[in-house]
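>>> here is a sequence together with a model predicted from it:
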Amino acid sequence: MGLKISLKPDERIIIGGAVLKNGSGRSDFVIENNVPILREKDIMSLADANSPCKRIYFAIQLMYVDEKNIDEHRATYWKLVKDVIDAAPSTTVQIDQISDHILHDRHYQALKLTNKLIEYEQGVMNNVRIGTGSI
């Protein structure tokens, strides 16, 4: 049995590298083979990748949906995580967990963990703003 997907009107989804946009009504369909799938809520645009950890998410997203260029995306990922760990060593444990998923080609699981890294980054940034008195 495949994976049943229900799309809301006008919702986007990436299936196997193809971006699909639903029409004006609700749609249900079943994906019967193993392909990368990202629902709109999990898709990050380049413009939204506006912080170091969001850029990590974007690189993993590209690894997941653009297998043809995976070596380039992996190189970008490793550079980004090195920069983040150098700037914030407290992220090492989370990044190690994400990297384990990357090394085992579990990109979707890596994306889910990277959401937690983004939340951590936002919390750190909020604390820095509060600590310096800036908004």
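Right, received. Where do you want to start? Residues are numbered from 1 along each chain as shown.
>>> show me this protein divided up by domain.
The record's domain parsing of the chain by automatic domain parsing lists 3-41, 44-132.
>>> any chance of these in CSV, plus mean pLDDT and mean neighbour count?
Every residue, glycine included, has its C-beta placed from N, CA and C. Listed next are the domains of the chain as CSV, based on pLDDT from 0 to 100; neighbours: other CB atoms under 10 Å:
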stretch, mean pLDDT, mean neighbour count
domain 3-41, 92, 13
domain 44-132, 94, 16
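>>> which stretches of this protein form strands?
Assigned by DSSP state E, the strands in the chain fall at 3-7, 12-15, 18-21, 27-31, 37-39.
>>> dump the ones you listed into TSV; add distance to residue 85 as well.
Shown next, in TSV, are the strands of the chain (distance: least, CB to CB, whole Å):
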stretch	distance to residue 85
strand 3-7	35
strand 12-15	29
strand 18-21	32
strand 27-31	36
strand 37-39	26
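>>> select, out of those, the one closest to residue 124.
Nearest to residue 124, of all the strands of the chain, is strand 37-39, at 26.4 Å by CB to CB.
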